[in-house]
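Participant: Coordinates for the following, if possible.
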Amino acid sequence: MAEELSVVDIMLEIGRKARVAAGPLSIASGERKHAALIGMAEALLRRKDLILNANVLDVAAAEEAGTAASFIDRLKLDETRIRAMADGIRAIAALKDPVGEVITAWDRPNGLHIERVRTPLGVIGVIYESRPNVTADAGALCLKAGNAVILRGGSDSVHSSREIHAALAEGLKSAGLPEAAIQMVPVTDRAAVGEMLKGLNGTVDVIVPRGGKSLVARVQEEARVPVFAHLEGLCHLYVDASADIAMAEAVTVNAKMRRTGICGAAETLLIDRKAAASHLTPVLDALVAAGCTLRGSEEVCALYSQCDAATDADWSTEYLDAIISVALVDGIDGALAHINRYSSHHTEAVIAEDNLVVERFFNEIDSAILLHNASTQFADGGEFGMGAEIGIATGKMHARGPVGVEQLTSFKYRVRGNGQTRV
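Facilitator: Numbers count the residues shown, from 1 in each chain. Have a look, this model is predicted:
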C-alpha cells in the first residue's frame, strides 16, 4: 500500500478508517475496553522478544548516526521497560471509565432536568519522537476515553513502535473492537505529519505532540485543529524567607536533579532577598553537591563563589540539564514579577510556611500547575493519580496540566422534559 499510494492518499485513508472506528468505540462498554487493554498488556509481554529485536535495529541506527547518549537512553528498551509498559496499560485499564459520566446535573423551574455528560473527543492524532513507550501509553489512554487514535512516531523508533503497535492491535482484536481504533502511520516521510496537521479532511479532532521544542513549535504553527501541548517547561522554584531550610534544600535538589531532562525539572531558583544570609548558601551547597552547575545574578555571584555569571538569556532558558539559574528577589512581590515575566506557564513551586505568601503565589501566577512545599517533578499525570498522561498542556482551552483520560473527553448536554414548550 505504501509503495502504491501517495503519502496524501495513505493519510486520508487512515483518517477515514479512524473516523469509522470512532463510532463503535464511542459506545463500547467499559468492560469491552477493559478487556482490550488487558489483552494489549498481555500481548506486549508475549511479543517481548520481537519488540526487543526491533529495538536493537533502532538503537544501532541511532548510535551509527552519532545520536546523543541521553536520546539513546530514551529510545532503548529492555525487559524491565516492556514490563513497565504492560503495567502502565493495566493501570489505565483499572481507571474508572469516563465516558457517560454525569459531570453535573440540575433542574430548571420549568421542570427540565439538565445533565452535562462526558463524551469522547473522537479521533486524536499523536505525533511523537524517540520514546517508543509513547505508542503504548497514547494508544491505551485514547482507547480508555473512547477515542480512535492515529500514532505518528519518529523515524528513529519506527521498528520498535511498529512491534508495540502490533501488540495493541492484538488486544483490540481479542476484545472485538475495530483494529483501526489505533493506527500507526506506516511511512516515515515528514509529509505525513503535515497531512495530520491539516486534519485529514476533517477526520482529526485534536493533535497532541510529544517531543522537542522544534516539533511542538511546528505543530502549534501549522495545525488546523486544536492542539494539546506545551512548548517548553521553564519551571521556577521560589524559596521564601519563611521556608524551612532543610525542606528548601531537599525540595530544590529534587526539583532540579531527580531527572534533569523532563519538562517538570526546575530551571530557575528564586530566593527571598531577606533570606540570603540564612537560606542561600545551604541551598546552593546542596545543589553543587548533587552535581549541579549554577548561573547566578551579579548579586548571587558576589555572595556565593561557586557560581557562574548568568546572562539575560539564562532567565528564559529551559536547560534540560544539570544547570540552574539563581536570583535573589524582593519577597513574594519580586518572585511574582520574575515568574510572570519569564514563565512558560507549565509548573511553578513555592517553599514557604507563611500562608499569605502561599495564597498570593497560588492566586497571582497563571501556570497550569502550582505546588506548595513540593518538588516540581510531581508535574506528571501518574503522580496526580491519573494512571498516566498523554502529555502536559499549557493552553487555556479544555485540557490544562496533565492530559489524562478525563482530559481526552469532551461533554454534551442531555435535557429531559415532559412536554415543555418555550414561550
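Participant: And the next helix or strand past the longest helix along the chain?
Facilitator: For the chain, the helix that runs over the most residues, judged by DSSP state H, is helix 7-26. With elements assigned by DSSP states H and E, the helix or strand that comes after helix 7-26 is helix 30-46.
Participant: C-alpha coordinates for that following helix, CSV please?
Facilitator: C-alpha atoms of helix 30-46 as CSV (Å, rounded to 0.1, in the frame of the first residue of the first chain):
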residue,chain,number,x,y,z
GLY,A,30,-16.3,-0.2,29.8
GLU,A,31,-16.0,-4.0,30.1
ARG,A,32,-15.0,-4.4,26.4
LYS,A,33,-12.5,-1.6,26.6
HIS,A,34,-11.0,-3.1,29.8
ALA,A,35,-10.7,-6.5,28.0
ALA,A,36,-8.9,-4.9,25.1
LEU,A,37,-6.5,-3.1,27.4
ILE,A,38,-5.7,-6.2,29.4
GLY,A,39,-5.2,-8.1,26.0
MET,A,40,-2.8,-5.4,24.9
ALA,A,41,-0.7,-5.7,28.1
GLU,A,42,-0.6,-9.5,27.7
ALA,A,43,0.3,-9.2,24.0
LEU,A,44,3.2,-6.8,24.9
LEU,A,45,4.7,-9.5,27.2
ARG,A,46,4.1,-12.3,24.6
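Participant: Now do the buried residues in the helix or strand following it.
Facilitator: Following helix 30-46 in sequence order, the next helix or strand is helix 48-64 (DSSP H and E). By neighbour count on 16 or more other Cβ atoms under 10 Å, the buried set for helix 48-64 is 48, 51-52, 54-55, 58-59, 61-62. Where C-beta positions appear, they are placed from N, C-alpha and C, glycine not excepted.
Participant: Can you give the contact residues for stretch 352-360?
Facilitator: By Cβ atoms under 8 Å, 6 or more residues apart in numbering, the list of residues contacting stretch 352-360 from outside reads 238-244, 331-332, 336, 350, 361, 372-373.
Participant: All the helices of the protein, residue numbers only.
Facilitator: 7-26, 30-46, 48-64, 69-75, 79-94, 133-144, 158-174, 191-198, 213-222, 245-257, 281-289, 298-303, 331-342, 355-364.
Participant: For residue 313, which of those helices is the nearest?
Facilitator: Residue 313 lies closest, by Cβ to Cβ, to one member of those: helix 331-342, at 10.9 Å.
Participant: for that closest one, what is the average pLDDT?
Facilitator: Mean per-residue pLDDT for helix 331-342: 98.
Participant: Export only the CA atoms of that helix, formatted as CSV.
Facilitator: C-alpha atoms of helix 331-342 as CSV (Å, rounded to 0.1, in the frame of the first residue of the first chain):
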residue,chain,number,x,y,z
GLY,A,331,9.9,38.6,48.6
ILE,A,332,6.7,37.3,47.1
ASP,A,333,6.3,40.5,45.0
GLY,A,334,9.7,40.0,43.4
ALA,A,335,9.0,36.3,42.8
LEU,A,336,5.7,37.0,41.2
ALA,A,337,7.2,39.7,38.9
HIS,A,338,10.0,37.4,37.8
ILE,A,339,7.8,34.4,37.2
ASN,A,340,5.1,36.2,35.4
ARG,A,341,7.7,37.8,33.1
TYR,A,342,9.7,34.6,32.2
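Participant: who touches it?
Facilitator: With contacts defined as Cβ under 8 Å, 6+ apart, helix 331-342 is touched by 234, 236, 238, 240-241, 268, 270, 272-274, 315-316, 327, 329, 348, 350, 357, 360-361, 364-367.
Participant: picking that back up, lowest average pLDDT across the helices of the chain?
Facilitator: Among the helices of the chain, helix 69-75 carries the lowest mean pLDDT (a mean of 83).
Participant: Show me which positions of that helix end up buried.
Facilitator: 71-72, 74-75.
Participant: Hmm, residue 278 and residue 303 touching each other?
Facilitator: No. Using Cβ atoms under 8 Å, residue 303 is not in contact with residue 278; the gap is 11.9 Å.
Participant: ok, back up a step: go ahead and name everything in contact with the longest helix of the chain.
Facilitator: In contact with helix 7-26 (Cβ under 8 Å, 6+ apart) are residues 1-2, 5, 99, 119-120, 122-123, 143, 146-150, 177-181, 183, 185-187, 189, 191-192, 195-196, 200-201, 203-204.
Participant: ok, residue 264 to residue 386 distance?
Facilitator: Using Cβ to Cβ, to the nearest Å, residue 264 is found at 14 Å from residue 386.
Participant: Quick check: the two most widely separated of the contacts of stretch 352-360?
Facilitator: 244 and 336, at 21.3 Å, using Cβ to Cβ across these.
Participant: Who has more neighbours out of the two?
Facilitator: Using other Cβ atoms under 10 Å as the criterion, residue 244 and residue 336 rank with residue 336 on top: 19 against 15.
Participant: Burial check on residue 414, number of neighbours?
Facilitator: For residue 414, using other Cβ under 10 Å, the count is 12.
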